[in-house]
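Participant: Quick one: sequence plus predicted model below, questions after.
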Amino acid sequence: MELRGKVAVVTGGGNGIGRALCRRFVAEGAACVVVADLGGDAAASVAAGLGDAAAALEVNVALEGDVVRLVEITEDRYGPIDLFCSNAGIAAPAGGVEAPTEGWQQIWDVNVMAHVYAARTLIPRMVDRGGGYLLNTASAAGLLTNLGAAPYSVTKHAAVGLAEWLAITHGDQGIKVSCLCPQGVRTNMLLGAAGDAPDGDPAQLAGAVVLAQGAIEPEDVAEAVVAGLADERFLILPHPEVLDYFRNKAGDYDRWIGGMRKLGRGHRRRRRRCRRGKLGRRPRPGGAGAAAR
Ligand SMILES: NC(=O)c1ccc[n+]([C@@H]2O[C@H](COP(=O)([O-])OP(=O)(O)OC[C@H]3O[C@@H](n4cnc5c(N)ncnc54)[C@H](O)[C@@H]3O)[C@@H](O)[C@H]2O)c1
């Protein structure tokens, strides 16, 4: 898909990867980009910086009514949506199965159900008009895992599963689907997790592991997305090494699990040493390949 002249919606467009996508889509000549975000001010500020080609809407993608409203308002005002990017996501709660049930439900609603609501609302409309494009942001954590963050890893696996199911089931009806799976990207989500959480907190482990593996900028992700959309490729991997990790995992699952356990032990050891004031050796990027945000 070429973006010139297209109507696109980007959820989570107020910050980070979503903001970079909005800016890049406008630079590519999109007719209209709707910046949708829970943070109305953030969305408005991104849209204001993009001039007439952008508009802002405050939405909570965890609510089906809000997603339906987003689609209806966009199509009424700007015409049929060519590209819908389900990009909004959250990382909390970190930790394992002990994370509170309400936290599991919240991350499930944002990282998975929001993609279901968008597909459910848009696919019938897109099929009626001969096709359309869905770009779903999952994560390398959806192909691999994120050490220290079970709710994030599990919901991102579900997001990958949904995207591939939609691509298989609706491809013959003209529905194109791409699944974006970055590893570390320098946004509030990653930098906040690595920096704000108290030492030893699972959120800090989750963020620190990803940062140590080398994070890229949101603009690099937007570059990979534009290339992936042009090729109409299902899997968009801004970190090409993720494909090698994914192949390693599929080739020998047990060996990969062993490598990930070792990586987790190394990070926990290093953080303990840092807390005791000894400067730990920086882990080499990549490792067993890999934790992902
Ligand atoms: N940053 C990374 O390292 C990384 C890596 C892989 C995947 N991702 C994924 O990329 C996507 C964007 O993340 P980011 O790093 O740009 O994060 P970010 O925190 O910088 O931006 C996320 C945006 O989503 C919005 N949002 C959150 N919940 C929402 C809701 N219920 N409704 C509407 N908007 C909501 C936030 O207000 C925020 O503006 C997420 O799905 C994330 O899981 C991020």
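Facilitator: That came in fine, so what should we check first? Given the structure is predicted, the values throughout are model-derived calculations rather than measurements.
Participant: hang on, G14 is in a helix, isn't it?
Facilitator: No - read with DSSP: H, G, I helix; E, B strand; the rest coil, G14 is coil and lies in no helix.
Participant: Can you tell me the number of residues neighbouring the spatially closest residue to it that is not a sequence neighbour?
Facilitator: In space, G14 comes closest to A42 once its chain neighbours are excluded; the distance is 2.9 Å by Cβ to Cβ, 6 or more residues apart in numbering. To be clear about C-beta, it is placed using only N, CA and C from the backbone, and glycine gets the same treatment. Residues near A42, counting by other Cβ atoms under 10 Å, number 20.
Participant: Quick check, A42 in contact with G18.
Facilitator: No - using Cβ atoms under 8 Å, A42 makes no contact with G18, being 9.5 Å away.
Participant: Now for R129, how many residues are close by?
Facilitator: 11.
Participant: cool, and A208?
Facilitator: Neighbourhood size, A208 [other Cβ under 10 Å]: 24.
Participant: what about the helix or strand containing it, average pLDDT?
Facilitator: Using DSSP states H and E, the element containing A208 is helix 202-212. What helix 202-212 shows for mean pLDDT is 71.
Participant: Helix or strand next in line after it, which one?
Facilitator: helix 218-231.
Participant: How about the residues of the stretch 1-150 of the chain by the ligand?
Facilitator: Within the stretch 1-150 of the chain, the positions near the ligand by Cβ under 6 Å from any ligand atom are 11-12, 14-18, 37-39, 42, 59-62, 87-90, 110, 137, 139.
Participant: And E72, how close does it get to T121?
Facilitator: 8 Å (Cβ to Cβ, to the nearest Å).
Participant: quick one, which of those two is more surrounded?
Facilitator: The residue with more neighbours, out of E72 and T121, is T121; 19 against 12, by other Cβ under 10 Å.
Participant: where does the more buried one sit relative to the ligand, distance-wise?
Facilitator: From T121 across to the ligand, the span is 15 Å (Cβ to the nearest ligand atom, to the nearest Å).
Participant: is it fair to say that residue lies in a helix?
Facilitator: Yes - counting by three-state DSSP, T121 is found in a helix.
Participant: give me the number of residues near the residue lying closest to it once chain neighbours are set aside?
Facilitator: Distances taken as Cβ to Cβ, 6+ apart place V71 nearest to T121, at 4.8 Å, with adjacent residues excluded. Neighbour count for V71, taken as other Cβ under 10 Å: 19.
Participant: likewise L205?
Facilitator: Neighbours around L205, by other Cβ under 10 Å: 25.
Participant: Could you verify my assumption that it touches R269?
Facilitator: No - applying Cβ under 8 Å as the test, L205 and R269 come out as separate, 11.5 Å apart.
Participant: quick one on the thing from earlier: so what pLDDT did the residue nearest to G14 get?
Facilitator: Value for A42, per-residue pLDDT: 98.
Participant: what do you get for F234?
Facilitator: pLDDT, read off for F234, is 98.
Participant: Equivalent analysis for D199, please.
Facilitator: 63.
Participant: Let's see stretch 240-252 as CSV, backbone CA atoms only.
Facilitator: Only the C-alpha atoms of stretch 240-252 are listed here, as CSV (Å, rounded to 0.1, in the frame of the first residue of the first chain):
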residue,chain,number,x,y,z
PRO,A,240,15.9,-7.7,11.7
GLU,A,241,17.7,-9.9,14.3
VAL,A,242,14.3,-10.8,15.8
LEU,A,243,13.7,-13.0,12.8
ASP,A,244,16.9,-15.0,13.7
TYR,A,245,15.7,-15.3,17.4
PHE,A,246,12.3,-16.4,16.2
ARG,A,247,13.9,-19.1,13.9
ASN,A,248,16.1,-20.3,16.8
LYS,A,249,13.0,-20.6,19.0
ALA,A,250,11.1,-22.6,16.4
GLY,A,251,14.1,-24.7,15.5
ASP,A,252,14.8,-25.8,19.1
